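K.L.:
After the sequence you'll find the predicted model.
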Amino acid sequence: MVTALELVAHAIDELDQLDPDSITAGELHDLVTGLHSLGDRLTAATAPLLDRWQHSGVWALDGSKSAAARYARETHSSQKTAHATLRRAKTLATMPVTAAAAGAGPGSEHGHLDARAR
């Protein structure tokens, strides 16, 4: 059975093979804006998983002192980015209407979510 992670990886592989010069300006526009919307949907879909991961304590199994520390290390991101990502996930997990809006695509900026998470 193909996992969700494998499906996403396959879609990215297909995108990597796309020659931007081989599509029309309209197709390029639709692709760029559509990918942004899909990024918002991915953020919303990932939020409950991140929130569960954070609260499960599985992140501590390697001796990490915090979820943010392990997330930053394993995703090669900064501590600041890791904290913001985990805070956003927690916010979305406790605000189902906001999570649904974020998953809807257009207009769901991460900055708005991050402001609510503070």
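P.N.:
Looks like it arrived, so ask away. Since the model is a prediction, treat every value here as computed from it, not as a measurement.

K.L.:
What's the separation between the residue lying closest to L92 once chain neighbours are set aside and T3?
P.N.:
Computed as C-beta to C-beta, 6 or more residues apart in numbering, the closest residue to L92 that is not its neighbour in sequence is A47, at 3.7 Å. The C-beta positions use only the backbone N, C-alpha and C, and glycine is treated the same way. To T3, A47 is 19 Å away according to C-beta to C-beta, to the nearest Å.

K.L.:
Neighbour count: these two, which is higher?
P.N.:
A47 (25 against 8; other C-beta atoms under 10 Å).

K.L.:
Confirm for me that that one is in contact with A93.
P.N.:
Yes: taking contacts as C-beta atoms under 8 Å, A47 lies within contact range of A93: 5.9 Å.

K.L.:
In this structure L28 contacts D21, no?
P.N.:
No: using C-beta under 8 Å, L28 is not in contact with D21; the gap is 9.4 Å.

K.L.:
neighbour count winner among the two?
P.N.:
L28 (14 against 6).

K.L.:
so how far is D13 from the more buried one?
P.N.:
19 Å.

K.L.:
same deal with R73?
P.N.:
Relative to D13, and taking C-beta to C-beta, R73 is found at 26 Å.

K.L.:
Give me the more crowded residue out of these two.
P.N.:
Legend: neighbour count by other C-beta under 10 Å for R73 and D13, higher for R73 (14 against 9).

K.L.:
phi, psi of that one?
P.N.:
phi -60, psi -50 (degrees, to the nearest 10).

K.L.:
Nearest spatial neighbour of it, chain-adjacent residues omitted?
P.N.:
S64 (7.5 Å).

K.L.:
Give me the neighbour count for the one you found.
P.N.:
For S64, using other C-beta under 10 Å, the count is 16.
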